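**Q** Requesting a structural model of the entry that follows:
(chains A and B)
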Amino acid sequence: MSNRLLPEPFKGLEPFAQQWGLEDEASRNLKRINSAMENLREFYQAVLPEMQSIVTYLRPVPLAELNSQQRRLLNLAKMLMEVAPAIEIFNQPDVPNSFEPERFLILPPFANTPAGLVRD
Amino acid sequence: MNAPDSKPFSTQFGHLGSEPLSIESMTSKEYFELEREKIFKKSWLNVGRVEDLPEPGDYRVQSIAILQSSLLIVRGDDRRIRAFHNVCRHRGNEITSGCGNARGFSCDFHGWTYSNQGELAFVPDEGQFFDLDKSQLGLPAVHCETWNGFIFINAAPKPAESLTEYLGGLGDQLKDFPFDQMVPMHTLEAEVNANWKVIIDAFQESYHAGFVHRLTAGDMLDPDSDDPYMHLSSVRLFGPHRSASVPMNPDYVAQNRPAEMLSYQLASSLWLQSGAMQQQFMPGTNPGNHKHWLFDINVCFPNFFVDVANGWFFTYHFWPIAVDKTLWQYRFYMIPPADAGEAISREYSKLALRDLLREDLNTVEATQRGLMSGAIKEIHLSDQEVAVRHQYKVVEQLVRG
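**A** Here you go, the predicted structure:
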């Protein structure tokens, strides 16, 4: 076993795996809005050209059966989607003229909230 | 397609009038109290879906400020979902909190214990009480019915009509939508400093899209087309409820947005192009059978939306806290991704809508501040804001009626 976080064919993305391959949407959004544009651009430019290969590689594996490296790779691809609007649309990390992120909760599908839905 | 000077909805719904509307209902504390008594304590209110409580014993507590109540919503051992006031019959203590799975609920104060069907099952030291009839002392029930997997409660002692009767034509329009084939992707929530109706207004017209969403969705509007303002394709009113179809720009391409384009290539159930990429519209959608259709706004009075499209739907809840404060909640549902490509694609759909919603919420707080300043006494609505007008007419009728 290697100490790699990503599957072997994507070892070129290894420098990004730890910090950008985050598991949940709220963490990925927080990473985006707290990153400098320079770092977002570096990540975007490294991962975007690999996206088709990532999809081709992961597609045959049922989502429930992804191993930890494959799952990290999927999260890295989701992070690319998270970062994309900052690069492609906003030209800044967060949405301009928008509701404060600190007051805006991004929750998993089933979450225990004042209004809401609750299941562990 | 509406010509720029046509006003079809004022003709279709002439009874709504066309005059400016008073802002009193958006700023007055007295009016808010009337809404509490005459609307929220008498209407069917959605509190989630049956999938949220899949197993016997699954429960959750929901505090509803506008009802001044904490409700226990629970699936009993008999699999039926019920709602109760979260209040012990003994001395009124709240019996539980949060969520989980339980055979029953025991009050922390003196241990009175209720089954998950609400019956009073056990009273410690029962012999010390006087003529206690446990069969009459179950948890105080709240009317609870389900429609198409949606759980509704009604706090009235005796609701004026059944849930199905209440939903009326809106229920008919949505009855065949495949809600049960979709799964929640995420929940978004915020306490917003605005009146509940002011927030609802931001989500029931498309006039604002080219301004509030000029960055996130501005390219969806085609200034050179015969529909530069993305006019609503059709509107339906069903008693207090309403439905409006939003068109899409068929020529939209995500220019210079390779990640967004990739998301469209990886799956067909995407928010912007859901209409374009499907030959067949899902049942319960696009009742006007419009060719260039994006999604339907469906407002279930007073505070619940079920907006549907091909392959996804989302809900909004607007829970009033005060005249200028509302708990806003959004849940986005899609057909579950079959593989990593679809998962990546759905991620983009999910966050694109999320970012756009933060633009809306920012705007409604600014609107509320403007209204509270007292600078204006009335608002002026266009034909395109017919759903906004309808909301205030319905509310006024109930509050003054």
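**Q** Find me the pLDDT at whichever residue of the stretch 51-200 of chain B sits closest to chain A, would you?
**A** The nearest approach of the stretch 51-200 of chain B to chain A comes at residue B:99, 3.2 Å away (C-beta to the nearest C-beta). Yep, even glycine has a C-beta here, placed from its N, CA and C like the rest. pLDDT for residue B:99: 92.
**Q** Tell me how many other residues surround it.
**A** A count of nearby residues for residue B:99, using other C-beta atoms under 10 Å in any protein chain shown, gives 24.
**Q** pretty sure it is touching residue B:52, no?
**A** No: using C-beta atoms under 8 Å as the test, residue B:99 is too far from residue B:52 to be in contact (9.1 Å).
**Q** about what we covered before: in the sheet, who's paired with the residue of the stretch 51-200 of chain B closest to chain A?
**A** On the basis of DSSP bridges, residue B:99 is bridged to residue B:60.
**Q** in a strand, that's where residue B:62 is, yeah?
**A** Yes: with DSSP: H, G, I helix; E, B strand; the rest coil as the criterion, residue B:62 is part of a strand.
**Q** if we can go back for a sec, quick one: the residue of the stretch 51-200 of chain B closest to chain A and residue B:105, what's the gap?
**A** 12 Å (C-beta to C-beta, to the nearest Å).
**Q** residues shared between the contacts of these two?
**A** residue B:59 (C-beta atoms under 8 Å, 6 or more residues apart in numbering or on different chains).
**Q** what residue lies at the spatial centre of chain A?
**A** Centroid check for chain A by C-alpha atoms, centre = their mean gives residue A:79 as the closest residue, at 2.1 Å.
**Q** What is the subsequent helix or strand relative to the strand or helix carrying it?
**A** Per DSSP states H and E, residue A:79 falls inside helix A:68-85. Reading on from helix A:68-85 to the C-terminus, the next helix or strand found by DSSP H and E is strand A:105-107.
**Q** Are that next one and chain B in contact anywhere?
**A** Yes: Strand A:105-107 lies within reach of chain B by C-beta under 8 Å from any C-beta of the partner chain, at A:105, A:106, A:107.
**Q** ok, those vs residue A:84, which is closest?
**A** Comparing those against residue A:84 with C-beta to C-beta picks out residue A:106 as the nearest, at 16.8 Å.
**Q** what residues are up against that closest one?
**A** A:25, A:26, A:29, B:186, B:188, B:354.
**Q** Just the pLDDT for it.
**A** Looking at residue A:106, its pLDDT stands at 96.
**Q** Could you find the closest non-adjacent residue to it?
**A** In this structure, residue A:106 finds its nearest non-sequential neighbour in residue A:26, 4.1 Å apart by C-beta to C-beta, 6 or more residues apart in numbering or on different chains.
**Q** Just give the number of residues close to residue A:34.
**A** Quick note: residue A:34 (other C-beta under 10 Å) scores 11 neighbours.
**Q** The stretch 301-401 of chain B: strands as residue ranges?
**A** For the stretch 301-401 of chain B, strands defined by DSSP state E, counting those that start in this stretch occupy the ranges B:304-309, B:312-322, B:325-334, B:378-379.
**Q** closest one to chain A among the ones you listed?
**A** strand B:325-334 (4.3 Å).
**Q** Restricting to C-alpha, output that closest one in PDB.
**A** This file holds the C-alpha atoms of strand B:325-334, laid out as PDB (Å, rounded to 0.1, in the frame of the first residue of the first chain):
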ATOM      1  CA  LYS B 325     -37.800  38.000  10.700                       C
ATOM      2  CA  THR B 326     -38.300  34.600   9.000                       C
ATOM      3  CA  LEU B 327     -36.700  31.200   9.200                       C
ATOM      4  CA  TRP B 328     -36.100  30.200   5.500                       C
ATOM      5  CA  GLN B 329     -35.400  26.600   4.500                       C
ATOM      6  CA  TYR B 330     -34.700  25.100   1.200                       C
ATOM      7  CA  ARG B 331     -34.400  21.500   0.200                       C
ATOM      8  CA  PHE B 332     -33.200  20.300  -3.200                       C
ATOM      9  CA  TYR B 333     -34.200  16.900  -4.500                       C
ATOM     10  CA  MET B 334     -32.900  15.100  -7.600                       C
END
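**Q** Pull the contacting residues for residue B:112.
**A** For residue B:112, the contacting residues are B:88, B:89, B:90, B:95, B:106, B:120, B:122, B:123, B:124, by C-beta under 8 Å, 6+ apart.
**Q** Going through these, which ones are buried?
**A** Listed as buried from the contacts of residue B:112 are B:88, B:89, B:90, B:95, B:106, B:120, B:123; burial here means 16 or more other C-beta atoms under 10 Å in any protein chain shown.
**Q** Among those, which are located in strands?
**A** In this view, these that belong to strands under DSSP state E are B:106, B:120.
**Q** Output the strands of the stretch 301-401 of chain B as CSV; include the columns mean pLDDT and mean neighbour count.
**A** Shown next, in CSV, are the strands of the stretch 301-401 of chain B (pLDDT from 0 to 100; neighbours: other C-beta atoms under 10 Å in any protein chain shown):
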stretch, mean pLDDT, mean neighbour count
strand B:304-309, 96, 24
strand B:312-322, 97, 22
strand B:325-334, 96, 23
strand B:378-379, 97, 14
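**Q** Of these, give the one that comes closest to residue A:100.
**A** Judged by C-beta to C-beta, the one of those that comes nearest to residue A:100 is strand B:325-334, at 13.6 Å.
**Q** Tell me the strands beside the closest one, with direction?
**A** Assessed with DSSP bridges, strand B:325-334 is paired to strand B:183-192 (antiparallel), strand B:312-322 (antiparallel).
**Q** export those to CSV and tack on distance to residue B:75?
**A** Listed next are the strands paired with strand B:325-334 as CSV, based on distance: least, C-beta to C-beta, whole Å:
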stretch, distance to residue B:75
strand B:183-192, 17
strand B:312-322, 20
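**Q** Tell me the secondary structure at residue 39.
**A** If you meant another chain, say so; for now it's chain A. Per three-state DSSP, residue A:39 ends up helix.
**Q** packing partners for the lowest-mean-pLDDT helix or strand in chain B?
**A** Every helix and strand of chain B was ranked by mean pLDDT, DSSP states H and E. The lowest is helix B:209-212, at a mean of 83. Packed against helix B:209-212 by the contact rule (3 or more C-beta pairs under 8 Å, 6 or more residues apart in numbering or on different chains; DSSP states H and E) you find helix B:340-372.
**Q** what mean pLDDT would you report for the helix it packs on?
**A** Mean pLDDT, computed over helix B:340-372, is 95.
**Q** about what we covered before: residue B:41: which of the strands paired with strand B:325-334 is closest?
**A** In terms of C-beta to C-beta, the element of those nearest to residue B:41 is strand B:312-322, at 11.9 Å.
**Q** Tell me which of the strands paired with strand B:325-334 sits nearest to residue B:62.
**A** Nearest of the strands paired with strand B:325-334 (C-beta to C-beta): strand B:312-322, 9.2 Å.
**Q** Just give me how far that closest one sits from the chain centre.
**A** 4 Å (C-alpha atoms, centre = their mean, to the nearest Å).
**Q** Perfect, I'm done here.
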